[in-house]
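Trainee: The sequence and its predicted three-dimensional model are supplied below.
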Amino acid sequence: MSTAQVDIVVEPSLKSPHHHFPDDQVERPTFKMHRKRREECRALCLGAIQGNWETAKSFLSKDRGMLGAKLTKGADTVIHIAVTAKCITFVKELLDFMTVEEAAILNRYQDTALCIAAVAGMMEIAELLVAKNNEMPMIRGTGGLIPLGMAAEHGHQEMAQYLYYKTDFSRLNRSEWIRLFFISLSNDLYDIASKILDQDRTIACERDEHQKTALHVLAQKATDIPSSYFQGFYKQASMPRAAHELLESIWEQVLQRSDDEISELIKKPSGVLFDAAVSGNAEFLAVLLCKYPDLLWEVDENGRSVFHVAIMYRQEHIFNLIYNIGTMKDYIEGNTDKDGNNMLHLVGMLPDVGRLGAPRANLQMQRELLWYKEVEKLVRPSHRHMKNSAGKTPKQIFNDTHKHLLKVGKETMKETSDSCMIVATLISTMVFAAALTVPGASSNITNTPFFSKDQWFTIFIVSNAVSLFTSAASIVLLLSLLTSSYAESEFVTSLHARLMFGLTTLFFGITTMVLAFIAAIFLIFDYKLVWVPYLLASLASAPVILFLGLHFNLWADLIRSYYWSKFLFQPSKYKIFELEF
């Protein structure tokens, strides 16, 4: 394809692209002719890059053969360069100058100018090119793809929609249909994939170059991973409506096959149920299980159900489906894998760092303990002390694998509380000293622009006292963290609650200290120098803004851990036997 950054490497051609002569009938070019040709081609290339049509036209009018001159390493011609540079006006003028055949000239990668526009998503230019030559949407470019495939491959929804209606699918072979379908599906262009499927429903059961079916592609889309840890921790993302409808259409086609064929489709090259469990795609599983509940009994090569896999990968939205399957839950939770691990053994194993579900070690430890306690309530009493093939109980596995995380979490909590306690101590010292001094006692001021001297004095006393009390409370709360035993049970709620309230009271201490400082400023300065107190009051707000900006994420994470952890495990919004959206 044409390079985005145009490298001017002129390959002069003295032949017109529309005339072919034997080499012995062409006058051998002299050095002077070569040099002149190179200069002209370079000027033409720069004119196309800069959108200078008058310059380009002056050369093209003299020698129409320059329309086919190779101006870059990729053998891009003037039309390729103009499209790459997004010079819409230049392209329009150039297309008016060119013939229909000249507009479809290819570069070294066999790309037309429409291929470049499709890759870049340049709708206006694509419309100009197709209006000039309506055959261009069917000319294959890099990798044998038509422009529709190129637009879909780069995720350009609007461009793909436009080119879809300009593509004559009757001229494509079946392998091209399948390829376009999977490209659209993989790049989240569900509307395009649905349109292709509507034209040929049997594509639902076809496989791509990696032997994956459409179900495999949809199963591996991680719809439940939030973009923001704080905002999306408990909010389960849903598949786009178009993707949901496409999934239902595909599944309906698959269900028309025999049980053996269905099993073959969903198990090779990997199990789609377990792909969905790993990626956290709860909606995908709900759609499949609703119409084919027998899939609940499926196990992977290690003898694990989708719920066992969900536990291993800490996918709470998949795990929460277990509360929606009625009495089948009591049978599935009793399964053990080939290594003798039950659900509690699996939750005792430390997952990859990316699956711990929290940005800080102390919160990661809390999350792990919540998982363990929830699964412990679910499994059979005998499984809580059951030994696996290695002779270990679930609790032994949990303690062994989480030993380092517990240590790091403890250190993190202590470092945070120690730093915050130093700040709280400094604030307490400052406001206590300020309480012994009455600012503005020797001043003759009787009023300020907003409050009288007595009112400012009251604000100073009250805010100073509140700052002293809240900073002292913060010291007590943070000191309790330094003297805590850091037992596992304390990581669930107690430690994070104390740190959260310690940070909250510290924030109030800083805020009220600043307010007391502002009141003192207005008590001290003369009304004639009114700009001075306002300037100092503005600067005084800096500590509050800095504290809030630098510690907001920590504070927000602690609030989440304290108030929202109770909602981590609850019945899923997706129904298995009665699907509702």
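Mentor: Sure thing, it's come through. Keep in mind that what you see is a predicted model, and the values were worked out from it rather than measured.

Trainee: how about the helix ranked longest in the chain: buried residues?
Mentor: Here the longest helix in the chain is taken by residue count, with DSSP state H as the criterion, and it is helix 403-435. For helix 403-435, burial by neighbour count (16 or more other CB atoms under 10 Å) applies to 405-406, 409-410, 412-414, 416-417, 420-421, 423-424, 427-428, 430-431, 434. For glycine as for every other residue, the C-beta is placed from the backbone atoms N, C-alpha and C.

Trainee: Could you pull up the mean pLDDT of it?
Mentor: Over the span of helix 403-435, the pLDDT mean works out to 88.

Trainee: same for whichever helix or strand comes after that helix, what does it pack against?
Mentor: Stepping forward along the backbone from helix 403-435, the first helix or strand reached (DSSP states H and E) is helix 453-482. Judged by 3 or more CB pairs under 8 Å, 6 or more residues apart in numbering; DSSP states H and E, the packing partners of helix 453-482 are helix 403-435, helix 494-524.

Trainee: how far away is residue 390 from residue 408?
Mentor: In this view, residue 390 and residue 408 are 25 Å apart by CB to CB, to the nearest Å.

Trainee: hang on, the earlier thing: tell me which other helices or strands the longest helix of the chain touches.
Mentor: helix 361-378, helix 453-482, helix 488-492, helix 494-524.

Trainee: hmm, 6 Å instead?
Mentor: For helix 403-435, the packing partners by 3 or more CB pairs under 6 Å, 6 or more residues apart in numbering; DSSP states H and E come out as helix 361-378, helix 453-482, helix 494-524.

Trainee: With mean neighbour count and mean pLDDT added, can I get those helices in CSV?
Mentor: As requested, those are exported to CSV (neighbours: other CB atoms under 10 Å; pLDDT from 0 to 100):
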stretch, mean neighbour count, mean pLDDT
helix 361-378, 21, 93
helix 453-482, 19, 87
helix 494-524, 22, 86
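
Trainee: Adding distance to residue 319, write the ones you listed out as JSON lines.
Mentor: Shown next, in JSON lines, are the helices and strands packed on helix 403-435 (distance: least, CB to CB, whole Å):
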{"stretch": "helix 361-378", "distance to residue 319": "8"}
{"stretch": "helix 453-482", "distance to residue 319": "31"}
{"stretch": "helix 494-524", "distance to residue 319": "23"}
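
Trainee: which one is residue 504 nearest to, not counting chain neighbours?
Mentor: With CB to CB, 6 or more residues apart in numbering as the criterion, residue 504 has its nearest non-adjacent residue at 7.3 Å, and that residue is residue 555.

Trainee: how about that neighbour, secondary structure?
Mentor: helix (DSSP: H, G, I helix; E, B strand; the rest coil).

Trainee: So which of the helices and strands packed on helix 403-435 is nearest residue 569?
Mentor: With distances scored as CB to CB, the stretch of the helices and strands packed on helix 403-435 nearest to residue 569 is helix 361-378 (4.6 Å).

Trainee: C-terminal to that closest one, what's the next element?
Mentor: helix 394-401.

Trainee: so how far is residue 167 from residue 115?
Mentor: Residue 115 is 13 Å from residue 167, by CB to CB.

Trainee: which one of these two has more residues nearby?
Mentor: Between residue 115 and residue 167, residue 115 has the larger neighbour count (other CB atoms under 10 Å), namely 31 against 18.

Trainee: I figured that one hits residue 147, correct?
Mentor: Yes - the pair residue 115 and residue 147 qualifies as a contact (CB atoms under 6 Å) at a distance of 5.5 Å.

Trainee: returning to what we had before: of the helices and strands packed on helix 403-435, which is nearest residue 153?
Mentor: In this view, these are compared for proximity to residue 153 by CB to CB, and helix 361-378 is the closest at 37.7 Å.

Trainee: and residue 238, which of the three is it?
Mentor: For residue 238, the secondary-structure state derived from three-state DSSP is coil.

Trainee: Now for it: which residues touch it?
Mentor: residue 283 (CB atoms under 6 Å, 6 or more residues apart in numbering).

Trainee: Lowest average confidence across helices and strands of this structure, where is it?
Mentor: None of the helices or strands of the chain scores lower by mean pLDDT, DSSP states H and E than helix 229-232, at a mean of 42.

Trainee: list the helices and strands the following helix or strand past that helix packs on?
Mentor: Sequence order places helix 241-254 as the next helix or strand after helix 229-232, per DSSP H and E. Contacts defined by 3+ CB pairs under 6 Å, 6+ apart place helix 241-254 against helix 190-199.

Trainee: So residue 357: helix, strand or coil?
Mentor: At residue 357 the chain is in coil, as set by three-state DSSP.
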